[in-house]
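Colleague: following is a predicted model, sequence given first.
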Amino acid sequence: MTDKVVLKTNLEGVKFLRSGKVRDIYEIEDYLLIIATDRVSAFDVVLPNGIPGKGRVLTQISLFWFNQVKDLVENHIVTANVDEFPEPLRKYREILEGRSMLVKKAKPLPVECIVRGYITGSGWKDYQKTGNVCGIKLSKGLLESQKLPEPIYTPSTKAEEGHDINISFEETIEILGEETANRVKELTLSIYKRASEIAEKKGIIIADTKMEFGFFDGKLILIDELLTPDSSRFWSMKDYAPGKPQDSYDKQIVRDYLLSIKWDKQPPAPTLPEDIVKKTAERYEEIFRILTS
């Protein structure tokens, strides 16, 4: 799936809306066009060089998962087939093929829906200090990377820049209203459970993940990306060993390299060496093949 690196897009004659760390978003007719570039960020800074094929991997994994859970909740996908895109987009086939989705114009909820099935990352740090994860009391004596008795829902607010801020479920009720807050919690946990069962059959643990919802025509739908290496921690069941950090199928190689050179995590970010780029691309490809085989 690796190909020419796409770091930014320029679709002349198509209305550009905004860029995120990875995605470029355009508006055409009644739809949004989401393009996953090959940009890679670490510590909230976009790096100068990208990871070949990363955008295609993210898009294809998202499409796989949207299809796996479509009976649980509707999603924003209209089509990912360039032949079905509005005519002005088709001349950009070379850029769009495999890395873009035409989607409904939903109104996103101002909350990120995070579910944790294992104690790791910021959750582990929180637990070590307080015995809680995002305000949820956990039993004593848990090990790093240990599976939790039940997955926990730990929402956050969405930050335009910098880190998202963890909030309590009660705060989501204040933001979204009780009915919507309960519904997104229920859906997030249901999707995670379904995806975990599918992934485990392929030898993969989904340690945690985040998802987004929005309203379209008054109906709550699933939007953005879903269960990708950029939004989830995937671990190999074969290599899993609680009591220490696990090797993830994601950009951890990039983070580890940046920590090893003692970068101060402030822009501008350093350029990644070719071997780090190659290893990271292989990692993304590997999880793509395992999940969607």
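Modeller: Nice, thanks for sending it over. Residues are numbered from 1 along each chain as shown.
Colleague: run a quick neighbour tally on the spatially closest residue to residue 97 that is not a sequence neighbour.
Modeller: Nearest in space to residue 97, with sequence neighbours left out and distances taken as C-beta to C-beta, 6 or more residues apart in numbering, is residue 82 at 5.6 Å. For every residue, glycine as well, the C-beta is placed using N, CA and C. Residues lying near residue 82 (other C-beta atoms under 10 Å) number 17.
Colleague: right, and residue 82 touches residue 99 too?
Modeller: No: the criterion here is C-beta atoms under 8 Å, and residue 82 misses it with residue 99 at 10.2 Å.
Colleague: list the contacts for the residue nearest to residue 97?
Modeller: Residues in contact with residue 82 (C-beta atoms under 8 Å, 6 or more residues apart in numbering) are 89-90, 93, 96-97, 100.
Colleague: selection in ChimeraX covering whichever of those residues are buried, please.
Modeller: This is the ChimeraX syntax for the buried subset of the contacts of residue 82, where burial follows 16 or more other C-beta atoms under 10 Å:
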select :89,96,100
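Colleague: turn the contacts of residue 82 into a markdown table, including secondary structure, pLDDT and distance to residue 73.
Modeller: Shown next, in a markdown table, are the contacts of residue 82 (DSSP: H, G, I helix; E, B strand; the rest coil; pLDDT from 0 to 100; distance: C-beta to C-beta, whole Å):
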| residue | secondary structure | pLDDT | distance to residue 73 |
| --- | --- | --- | --- |
| 89 | helix | 97 | 27 |
| 90 | helix | 94 | 30 |
| 93 | helix | 96 | 31 |
| 96 | helix | 97 | 26 |
| 97 | coil | 97 | 27 |
| 100 | strand | 98 | 22 |
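Colleague: show me what residue 209 is bridged to.
Modeller: Beta-bridge partners recorded for residue 209 (DSSP bridges): residue 115, residue 232.
Colleague: measure it to residue 288 for me?
Modeller: According to C-beta to C-beta, to the nearest Å, residue 209 stands 16 Å off from residue 288.
Colleague: what does residue 249 give?
Modeller: For residue 249, the distance to residue 288 - C-beta to C-beta - is 9 Å.
Colleague: show the contacting residues for the residue lying closest to residue 28 once chain neighbours are set aside.
Modeller: Nearest residue to residue 28, sequence neighbours excluded (C-beta to C-beta, 6+ apart): residue 86, at 5.3 Å. For residue 86, the contact set (C-beta under 8 Å, 6+ apart) comprises 28-29, 31, 102.
Colleague: repeat that for residue 143.
Modeller: By C-beta under 8 Å, 6+ apart, the contact list for residue 143 reads 119, 242-243.
Colleague: using JSON lines, lay out the residues you listed together with pLDDT and distance to residue 24.
Modeller: Shown next, in JSON lines, are the contacts of residue 143 (pLDDT from 0 to 100; distance: C-beta to C-beta, whole Å):
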{"residue": "119", "pLDDT": "97", "distance to residue 24": "35"}
{"residue": "242", "pLDDT": "97", "distance to residue 24": "39"}
{"residue": "243", "pLDDT": "97", "distance to residue 24": "41"}
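Colleague: buried ones among the residues you listed?
Modeller: With burial judged by 16+ other C-beta under 10 Å, the buried subset of the contacts of residue 143 is residue 119.
Colleague: from the contacts of residue 143, which land in strands?
Modeller: Counting by DSSP state E, those place none of their members in strands.
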